[in-house]
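**Q** just to be clear, the model below is a prediction. Sequence and coordinates:
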Amino acid sequence: MTDQGAGVYLHVPFCAHRCHYCDFNTYAGLDDQIPRYVAGLHAEIARVAAAGPPGVAPPGADVEPDWPVFSSLFVGGGTPTLLDPADLAGVVRRVRDELPLAPGAEVTVEANPETVTAGGMATLVDAGVDRVSMGAQSFAPHVLRALGRRHDAERPLAAVADARAAGVRRISLDLISGTPGETPEDWAATLRTVLSAGTDHVSAYALTVEPGTEYAARVRRGDALAPDEDVQAEREAVARDVLGAAGLARYEVSNWARRGQESVHNLTYWRGGDWLGIGAGAHGHWRGRRWWGLRAPARWADAALAGTATAGGEELIDAPTRRTERLMMGLRTVEGVARAEIEPVAEATVAALVRGGVLADDGDRLRVPEPALGLADGVVRRLLAA
Ligand SMILES: C[S@@+](CC[C@H](N)C(=O)[O-])C[C@H]1O[C@@H](n2cnc3c(N)ncnc32)[C@H](O)[C@@H]1O
């Protein structure tokens, strides 16, 4: 278990406004609920910590009597930095006080550039935040508009400078590629701008149109185009060239980092580790059991403050499901997946995929070679269909 790590995820479901592409559990215009939600986070962190490792593991699972040391805390959203910095810092401190975070544990806060100030960042650094994951999405003004982003192309750079001046050691920028209207030059310029900001980690996601989003409604009305798969493949190739030439290595389908700057927290997900999920709609995974929080922030906070169940549901993950999930997650990373976690596999299909250059068989591990990593989902589908 130890090399897979264990993490803590806290969800902050509030945003100043909803971006057109977003289908995360987020809400705009509910700022008056924030104080109660923050109080709910404190109550739930204390309750979870006092209750000890959650759930009954499935038969045969190895149940630990006590918490492991957590290697990461990730506060995601929504927009955690919409909270007053002192409140957000207080929640981070509460986790540190109640749960055994490893010395030097990675502590990440997701941020929207509009909500970043040097003073606010300094407050977070004082509470032990060492990493900020900031949404930049694009540095082309017309692409930002198409995505429903309200900040201009300069704001993310100013926010990075503020975070760095405040002592944030590690900064990651999120980008979205392949938005219709984005030209190849826009994308190349966006990547160069990210590099000029000196970040050591980049998440570059291909735009997906999620049902129920404003972007999906615009596509339906004919006011926006759906992204094109061939364009997405071209964008990925350019990202590999530009980021790779600058010394950032791709370690997951959509994630690049300088060596040693990979996200510890996300690697825990991809390696099949365990994490506590705390907050509205937050998913957690612990020793073969998965749960998710009530989605509505007010309902979740009410339950947390009343000490009643905050989970909207839970399930035990059986062995075949676990194998499938390990295959899907593991093959998205350059390190791949241990055969022991996914066997039995169809050896003839493995051999055919290896011959086709989209799978490498290292004996005890299977992995998708980095140049083909963008095809990982298709490789998984072939293996599952075999
Ligand atoms: C939970 S969001 C948090 C970002 C932060 N609240 C902000 O405003 O920048 C995390 C990231 O997921 C990515 N993302 C979310 N929905 C997406 C979609 N439909 N297609 C591609 N990327 C998406 C974006 O890059 C976004 O920055």
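**A** The structure has been received and is ready for your questions.

**Q** which residue, neighbours along the chain excluded, lies closest to the residue in the stretch 1-150 of the chain that the ligand sits nearest to?
**A** Using CB to the nearest ligand atom, the single residue of the stretch 1-150 of the chain nearest to the ligand is residue 135, 1.8 Å away. All C-beta spots, glycine's among them, are computed from the backbone N, C-alpha and C. Closest residue to residue 135 apart from its sequence neighbours, by CB to CB, 6 or more residues apart in numbering: residue 174 at 4.7 Å.

**Q** quick one: the host helix or strand of that neighbour near the ligand?
**A** Using DSSP states H and E, residue 174 sits in strand 170-177. Yes. Counting by CB under 6 Å from any ligand atom, the ligand is contacted by strand 170-177 at 174, 176.

**Q** strands paired with that strand, and their directions?
**A** Using DSSP bridges, strand 170-177 pairs in its sheet with strand 131-137 (parallel), strand 201-206 (parallel).

**Q** could you dump that strand to CSV, C-alpha only?
**A** Extracted as CSV, the C-alpha positions of strand 170-177 are listed here (Å, rounded to 0.1, in the frame of the first residue of the first chain):
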residue,chain,number,x,y,z
ARG,A,170,5.1,24.4,-6.6
ILE,A,171,2.7,25.8,-9.2
SER,A,172,0.7,23.9,-11.8
LEU,A,173,-1.4,25.4,-14.6
ASP,A,174,-4.5,23.8,-16.1
LEU,A,175,-5.0,24.2,-19.8
ILE,A,176,-7.8,23.2,-22.2
SER,A,177,-6.9,22.4,-25.8
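
**Q** return the set of buried residues in it.
**A** 170-177 (16 or more other CB atoms under 10 Å).

**Q** adding distance to residue 194, mean pLDDT and mean neighbour count, write the strands paired with strand 170-177 out as JSON lines.
**A** Listed next are the strands paired with strand 170-177 as JSON lines, based on distance: least, CB to CB, whole Å; pLDDT from 0 to 100; neighbours: other CB atoms under 10 Å:
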{"stretch": "strand 131-137", "distance to residue 194": "7", "mean pLDDT": "98", "mean neighbour count": "25"}
{"stretch": "strand 201-206", "distance to residue 194": "6", "mean pLDDT": "98", "mean neighbour count": "21"}
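
**Q** out of these, nearest to residue 50?
**A** Closest to residue 50 of those is strand 131-137 (CB to CB; 27.7 Å).

**Q** show me where the stretch 151-300 of the chain has helices.
**A** 155-165, 184-196, 214-221, 229-245, 264-270, 297-306 (DSSP state H, counting those that start in this stretch).
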